[in-house]
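> Just a sequence and a predicted model for now, questions to come.
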Amino acid sequence: MENNTAWITSCKSQDSGWQVNGTMSVPNDPANTDCQDVLAWIEEGNTPDPQFTSDEIAANAQQVINGESLAYLASTDWYVTRQSETDVAVPQDISTLRAEARAAVVTGA
């Protein structure tokens, strides 16, 4: 049986196979005819793109930082409310950490 690779316009590595043409998940199973086509495409000298680009990895890491920072700010908002309502100062270590958390948050691009 001859493989047909003409239908493959893009290919990205995934944990258990490949994402082909941006939407189709092809398992790494040589019994699968689509997998046979992907393997033939690779044998022709093509290289699948990595699962995530450097930009995607950086964006995912920033999302984690944003989530952790925003959660910390939310968990310490009561200090700011207390200061506003009672004039009891926010502890300096909390103020410092809140400033660091605010600085760590990056939105938009």
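Structure's in. What do you need?

> What residues does residue 22 make contact with?
Neighbour list for residue 22: residue 10 [criterion: C-beta atoms under 8 Å, 6 or more residues apart in numbering]. The way it works is simple: take the backbone N, C-alpha and C, and place the C-beta from them, glycine included.

> And it, how close does it get to residue 78?
Note on residue 22: its distance to residue 78, by C-beta to C-beta, to the nearest Å, is 46 Å.

> now the longest helix anywhere in the chain, how far from the centre of its chain.
If you go by DSSP state H, the chain has its longest helix at helix 54-86. In terms of C-alpha atoms, centre = their mean, to the nearest Å, the centre of helix 54-86 is found 18 Å from the chain centre.

> can you check stretch 16-31 too?
With C-alpha atoms, centre = their mean, you get 20 Å for stretch 16-31.

> again, but for stretch 74-91
34 Å.

> Alpha carbons of that stretch, as CSV, please.
What follows is stretch 74-91, C-alpha atoms only, in CSV (Å, rounded to 0.1, in the frame of the first residue of the first chain):
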residue,chain,number,x,y,z
ALA,A,74,-6.8,38.5,46.6
SER,A,75,-5.8,36.6,49.8
THR,A,76,-4.2,39.7,51.3
ASP,A,77,-6.8,42.3,50.2
TRP,A,78,-8.3,42.2,53.7
TYR,A,79,-5.2,44.0,55.0
VAL,A,80,-5.8,46.9,52.7
THR,A,81,-9.5,47.0,53.6
ARG,A,82,-8.7,46.9,57.3
GLN,A,83,-6.2,49.8,56.9
SER,A,84,-8.8,51.8,55.0
GLU,A,85,-11.5,51.2,57.6
THR,A,86,-9.5,51.3,60.8
ASP,A,87,-6.1,52.9,60.1
VAL,A,88,-4.3,49.8,61.2
ALA,A,89,-1.2,49.6,58.9
VAL,A,90,-0.6,46.8,56.5
PRO,A,91,2.5,44.9,57.8
